Each structure stands twice: as structure tokens, then as C-alpha cells.
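[1] Give me a 3D structure for the following:
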Amino acid sequence: MMGESEKRMMVFSGTSNRELAEGVAKHLGVELGNVKIDKFANGEIYVRFLESVRGADVFLLQSICAPVNSTLMELLIMTDAAKRASAKSITAVISHYGYARQDKKSAAREPITAKLVADLMTTAGVERVIAMDLHQGQIQGFFNQPVNHLTALPILADYFESLKLTDCVVVSPDVGRVKVCKKLADMLGAELAIMHKGRPEHNVAEITHVIGNVDGKNCIVADDMIDTAGSISEGAKALMNAGAASVYVTATHGIFSPPAYDRIESAPVAEVVVTNTLPVPDERRGGKIRVLSVAPLIAHAVQNVYNDESVSELFDPDFQL
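    Predicted structure coming up:
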């Protein structure tokens, strides 16, 4: 039998967010494992671990981001390869969970892709998931395996505290984010306001009302992701029209699909603060866009999982409710 002294952690990175994976490995004090990820001429993904994972606790770091289908398949194939190579356990560390926006049927004959992705990972052999700021908390229930749900709220709150803004209001971009925005407001000792948002079609946002006093206030709009930046652009305009002194925008996941950068540049926004759960090109950093690292947070969670220590007590956004 394998003794406790032989227990070992192995951390591998997909191709989607190498910078974050290297940061996590550095904080863990380990080297990223050696894995070959390539493609056949027709686009099929090839994976081979170039070192033994037999009996190891394997952590696969991947962000399901553009190209979304390829990065998802990459994670599934890495999982299958680790399982067939006799890994002791396989944990998927997903800094951004793709297909999460379709987490329920909003209209007839729609899929629930967040559940489909969970089923795919289960079938591939994932035994535990560490995820960062899921689009909706109920996605945890789509898995029969343990899910450790981390939040970047403390990191974001620390940054805004460092700005020493006065007369702050945290603004929820829609009613679905009120609970999370209230937590951020409590961390900052700020007031809370809510925008009423409609979506006449995909990636199109309409702000119809601002509920709460934002006149003369420094507003912080907090969302889980920024995709095409349509919502934050329209929201910033609505807040400025309502008398806001300034508008800051923050989100855990900066997807930044075109024309996001152009919209951010032209929007009445002082700064857009995101984390590195998704890769942001170096040439886009600076100016209005600031990127904070979640590598220490993820590394701490990975270490606690490996050591069979509590993760919820440290990171779960709902633990204190």
C-alpha cells in the first residue's frame, strides 16, 4: 500500500491561461507538470502526460475561454488521459466555467449547457471541481462531485479600499447580482443601488431604471463577467445621467469579446477592474483596464484540498450566511 510519505501533488496546465497556472504553481512551490498538448491536422486535440501520474493527486488548471469549445475539449481529454494513467484523484481547477450563462431554460426548446458541461466532466473522470465565481451558485448542484466555489470579492474589495474613494455606492447591474453586490457593499461600507436591465437579444443590454441614490456618488458596478461590455457601457451612461460623480466597473471574469475594448474606451468609466481568471493581453492592460491576480487564492484552495483541510471556511462566498 502507498504510505502517507508517498502522497504527491501534480499540477498541470491547459493552454488557455498559462500565466495564471504558473502563478498558482509558484505560490504552491511546485513546478507545473510536463504535458504535451497538440492538434492533429483536422483540429482534433492530442494530449499525453510526459511523466508518470500513477497514484498522484492531479490538479488540472484550465479556463474555459475562447476558443471555448477547444479549451473545454482540452480539459476533458486531459482528464481522460490522467484517469487512464492511473491518477489517484483528478481535480479540475476551472478559473472560468464556460457555458455557464445557460444555467436554466428561459424559453421553450433551449438547452441547459451548464449542466451539460458538468455531465461531460463527470463522464471524463473529474472527481472534484474548484471553480471561481460561477455565473449562478446553483451550478454547484449540477455536479454529484464536491465543488469548491471560490470568490474574488475580497481581492476586489481590497483594491477599491486602496483607492480611498469617498461617498461610494456599489451598483448591481441587475436584480440577479443584488446578493453579491450587497456583500461587496458591506465589505466597503458603501451603499447599494440597483439597475434594471433588459436584454432584447443576446449581447444587447438596455438599462431602464436606476434604483437608489447615486447623485454625486462614486459608483462601483460589480458583475461576475464582462463579455462585449455592452451592459457596463450602457450602465455607466445611465449612472452618469443620474448624477454620478464617477463610475468604476469590476468583474471577476474579463472575457472582453469584440467590441469590448472599444466600448470601454469610449464609455464614461474611470476604470475597469478584473482578475486574471481569463487571459488579458499585455497590450490591453493599463489605461482603463486593471488586472488583479487570483493565483494566491486558487493556490491556497488547491493546497487545502490536497491536505484534506477546509476550503469553505476560507473561500466559500455563502459560508457565513
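[2] how about low-confidence regions in the stretch 151-300 of the chain?
    197-208 (pLDDT under 70).
[3] Go again with 50.
    Within the stretch 151-300 of the chain, not a single segment meets pLDDT under 50.
[4] Return the distance of stretch 171-185 from the chain's centre.
    Here the centre of stretch 171-185 is set off from its chain's centre by 17 Å, with C-alpha atoms, centre = their mean, to the nearest Å.
[5] In it, which residues are buried?
    By neighbour count on 16 or more other C-beta atoms under 10 Å, the buried set for stretch 171-185 is 171, 172, 173, 174, 177, 178, 180, 181, 183, 184, 185. All C-beta spots, glycine's among them, are computed from the backbone N, C-alpha and C.
[6] Can you pick out the ones from those that are in strands?
    Using DSSP state E, the members of the buried residues of stretch 171-185 that fall in strands are 171, 172.
[7] Turn the buried residues of stretch 171-185 into CSV, columns for distance to residue 293.
    Below are the buried residues of stretch 171-185 laid out as CSV (distance: C-beta to C-beta, whole Å):
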residue, distance to residue 293
171, 25
172, 25
173, 24
174, 27
177, 23
178, 27
180, 20
181, 23
183, 21
184, 19
185, 24
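[8] and residue 21, how many neighbours does it have?
    25 (other C-beta atoms under 10 Å).
[9] Going along the chain, name the strands of the stretch 201-321 of the chain.
    204-211, 218-226, 246-254, 271-275, 289-292 (DSSP state E, counting those that start in this stretch).
[10] So for stretch 50-64, what gets flagged as buried?
    53, 56, 57, 58, 59, 60, 61, 62, 63, 64.
[11] Among the residues you listed, which one sits closest to residue 8?
    Nearest to residue 8 out of these is residue 56 (C-beta to C-beta; 5.1 Å).
[12] what's the neighbour count on residue 72?
    Neighbours of residue 72 (other C-beta under 10 Å): 22.
[13] Confirm it sits in a helix?
    Yes - under DSSP: H, G, I helix; E, B strand; the rest coil, residue 72 falls within a helix.
[14] Contacts only, for it.
    64, 98, 99, 117, 120 (C-beta atoms under 8 Å, 6 or more residues apart in numbering).
[15] what about the first one, distance to residue 112?
    When C-beta to C-beta, to the nearest Å is the yardstick, residue 64 and residue 112 sit 16 Å from each other.
[16] same thing with the third one?
    Look at residue 99 and residue 112: by C-beta to C-beta, they are 9 Å apart.
[17] between these two, who's got more neighbours?
    Neighbour count, other C-beta under 10 Å: between residue 99 and residue 112, residue 99 has more, with 21 against 16.
[18] How many residues are close by the nearest residue to that one once chain neighbours are set aside?
    Excluding its sequence neighbours, the residue lying closest to residue 99 (C-beta to C-beta, 6 or more residues apart in numbering) is residue 113, at 3.9 Å. For residue 113, the neighbour count with other C-beta under 10 Å is 14.
[19] And for the one 4 residues further on?
    Counted with other C-beta under 10 Å, residues neighbouring residue 117 total 23.
[20] Can you name the element that comes right after the helix or strand hosting it?
    According to DSSP states H and E, residue 117 maps onto helix 113-124. Next helix or strand after helix 113-124 toward the C-terminus (DSSP H and E): strand 128-132.
[21] could I get that following strand in PDB with only the CA atoms?
    Written as PDB, here are the backbone C-alpha positions of strand 128-132 (Å, rounded to 0.1, in the frame of the first residue of the first chain):
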ATOM      1  CA  ARG A 128     -13.700  17.300  -7.700                       C
ATOM      2  CA  VAL A 129     -14.100  20.900  -9.000                       C
ATOM      3  CA  ILE A 130     -12.500  24.100  -7.800                       C
ATOM      4  CA  ALA A 131     -14.300  27.000  -9.600                       C
ATOM      5  CA  MET A 132     -14.100  30.800  -9.300                       C
END
